[in-house]
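Asks: Sequence and predicted structure are below.
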Amino acid sequence: MNLPPRQTSAMALISLIAGILGWTALPFLGSVVAIFTGHMARAEIRRRPHELEGDGLALAGLIMGWVVVIGSLLALLAIVMFFGGLAWFVSLQS
């Protein structure tokens with residue numbers, strides 16, 4: 001029995017491209033798009049495994065998206081803690 005060739009999921013490809021954009025041109029926006037489309041692509045591929053492929057592309061987009069989002073949140077936390085600590089230190093001096 002010959003099965004028709006599987007197609008690459010468009011959502012998986014969009015997730016990968018958005019993940020790359022999240023690392024380069026559109027840091028936060030590209031990463032959020034990569035996360036949403038990556039989850040949608042993986043669900044779509046699981047629903048139609050004989051028709052679609054590209055789970056690795058979707059997973060790569062997801063990983064790149066989450067790394068940028070988590071890194072951005074950690075950087076924001078570090079900035080807040082630094083300036084909060086600096087304000088606390090200055091308040092002790094007066």
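Replies: Looks like it arrived, so ask away. Numbering: from 1, shown residues only.

Asks: all helices in the protein, in order from the N-terminus.
Replies: Secondary structure of the chain (DSSP state H): helices at 10-23, 27-47, 55-93.

Asks: and the residue nearest the centre of the chain, what is it in contact with?
Replies: With distances taken as CA atoms, centre = their mean, residue 65 lies nearest the centre of the chain, 1.4 Å away. By CB atoms under 8 Å, 6 or more residues apart in numbering, residue 65 lies in contact with 15, 18, 19, 22, 30, 31, 32, 33, 34, 35, 38. Any C-beta I mention is one placed from the backbone N, CA and C, and that applies to glycine too.

Asks: now residue 42
Replies: 12, 55, 58, 59, 62.

Asks: Weed out the non-buried ones from those.
Replies: Among the contacts of residue 42, those buried by neighbour count (16 or more other CB atoms under 10 Å) are 12, 55, 58, 59, 62.

Asks: residues near the closest residue to the residue nearest to the centre of the chain other than its chain neighbours, how many?
Replies: Once flanking residues are discounted, residue 65 sits nearest to residue 34: 3.4 Å by CB to CB, 6 or more residues apart in numbering. Neighbour count of residue 34, defined by other CB atoms under 10 Å: 31.
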